[in-house]
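In: any chance you can model this:
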Amino acid sequence: MSRIGNRILTIPSGVEVNVDGNKVTTKGPKGTLEFIFKDANVDVKVEDGKVSVTRKDESKISKQLHGTTNATINNMMIGVSEGFKKELEINGVGYRFQVQGNKLIISAGYSHPVEMQAPEGVKIEMPEKSQTELIVSGYDKQVVSEFAAKVREVRKPEPYKGKGIKYKDEHIRRKEGKKAA
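Out: The predicted model follows:
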């Protein structure tokens with residue numbers, strides 16, 4: 001029994017949700033998102049400001065897609081109305097972020113700086129007077145999270161000194177180093 005799939009989603013003000021067969025489109029102040037669910041085992045209905053997802057049968061694939069479809073539509077509505085953001089920070093001597101337009105330059109202890117181009121719909125910015133913090137924001141949760149994960153992948157945080165790139169709310173479990181005899 002999918003509890004996530006059974007929830008009724010309330011459409012936020014300023015957001016428009018349209019269902020056309022297997023295609024769900026959400027429009028809002030931040031942009032437009034589309035989602036195509038390939039399997040016809042799930043029905044999406046929009047009635048008086050609410051979205052409901054129901055499954056047609058009790059097959060395994062229907063049960064799997066029920067909650068996933070509901071959660072995806074919810075993320076789309078939140079994205080086009082409020083947007084998503086991921087905050088990252090970098091720790092280490094000489095480690096820093098630089099933003100030049102839509103390009104991110106990371107100095108993370110390598111012999112060369114790592115350059116990354118932000119995908120379309122993703123905004124990268126740094127808080128004032130801080131070269132160690134980065135904010136990745138956008139209206140598509142998947143694209144924002146994927147880009148933030150790629151930035152983190154440049155230099156993952158290590159457990160001994162805590163150097164590397166980590167999410168702002170992430171806790172790194174520290175290990176004790178070798179002991180001298």
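In: need the contact list for the residue most central in space within the chain.
Out: Computing the C-alpha centroid of the chain and ranking residues by CA atoms, centre = their mean puts Ser145 first, at 2.9 Å. Counting by CB atoms under 8 Å, 6 or more residues apart in numbering, Ser145 touches 84, 86. C-beta here means a position set from N, CA and C on the backbone, and glycine is covered the same way.
In: give me the low-pLDDT residue ranges for the chain?
Out: Within the chain, the stretches with pLDDT under 70 are 1-2.
In: and the helices in it?
Out: 3-6, 60-81, 141-154 (DSSP state H).
In: buried deepest among those, which one?
Out: Mean neighbour count (mean count of other CB atoms under 10 Å) peaks for helix 60-81 among these, with a mean of 19.
In: not counting its own residues, what contacts it?
Out: Taking CB under 8 Å, 6+ apart as the rule, helix 60-81 contacts 2-7, 9, 11-12, 14-15, 17, 24, 26-33, 35, 37, 39, 41-42, 44, 51, 53-56, 84, 138-142.
In: which of those residues are buried? Put it as a ChimeraX command.
Out: To isolate the buried ones among these in ChimeraX, judged by 16 or more other CB atoms under 10 Å, type:
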select :2,5,9,11,12,15,17,24,26,28,30,33,37,41,42,44,51,53,55,84,138,139,140,141
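In: chain center to stretch 171-181: distance?
Out: Distance of stretch 171-181 from its chain centroid, counting by CA atoms, centre = their mean, to the nearest Å, is 32 Å.
In: other residues contacting it?
Out: 157, 159-160, 162, 166.
In: same question for stretch 106-115.
Out: Residues contacting stretch 106-115 (CB under 8 Å, 6+ apart): 90, 92, 94-98, 103-105, 116, 151, 154-155, 163-165.
In: which of the residues you listed are buried?
Out: With neighbours counted by 16+ other CB under 10 Å, those contain buried members at 90, 92, 95-97, 104, 151, 154-155, 163-165.
In: how about the residues you listed, which pair is most distant?
Out: Using CB to CB, the buried ones among the contacts of stretch 106-115 span at most 18.8 Å, a distance reached by Leu104 and Lys163.
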